[in-house]
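J.: Coordinates only, no sequence provided:
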């Protein structure tokens, strides 16, 4: 599932529509990563619209809590 999301929601596409680069791009992609179900059903137009709307929210608060250092919850 993650590979499918990564294929569609990739650095090139996000940077093209947001202009973000480097650490800000990484932070945006972590905090605004779409769900598998959204990406699966989304057209390219839907995905670009999502990126643009998420970018507006990101610019209002460009430093949301950085969750990149959190480890996934392990299943028992």
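T.: Received it, and whenever you're ready, just let me know what you need. Predicted, not measured: the structure shown is a model, and the values here were computed from it.
J.: Which strands or helices does the one helix or strand residue 26 maps to pack on?
T.: Using DSSP states H and E, residue 26 sits within helix 22-31. Where contact means 3 or more CB pairs under 8 Å, 6 or more residues apart in numbering; DSSP states H and E, helix 22-31 is packed against helix 11-18, helix 44-60. Any C-beta I mention is one placed from the backbone N, CA and C, and that applies to glycine too.
J.: how close does residue 18 sit to residue 47?
T.: 13 Å (CB to CB, to the nearest Å).
J.: so where's this structure shaky on pLDDT?
T.: 62-73, 76 (pLDDT under 70).
J.: One more pass at 90, please.
T.: 1-3, 23, 27, 30-31, 60-76 (pLDDT under 90).
J.: what about residue 10, how many neighbours?
T.: Residues near residue 10, counting by other CB atoms under 10 Å, number 12.
J.: Number the chain from 36, please
T.: Let's use 36 as the start, then, which means that last one is residue 45.
J.: thinking again about what came up before, for the helix holding residue 61, buried residues please.
T.: By 16 or more other CB atoms under 10 Å, the buried positions in helix 57-66 come out as 62, 63, 64, 66.
J.: can you list those residues in TSV and add distance to residue 47?
T.: As requested, those are exported to TSV (distance: CB to CB, whole Å):
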residue	distance to residue 47
62	17
63	14
64	11
66	19
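J.: Of the residues you listed, which is the nearest to residue 41?
T.: Checking the buried residues of helix 57-66 against residue 41 with CB to CB, the nearest one is residue 64 at 9.5 Å.
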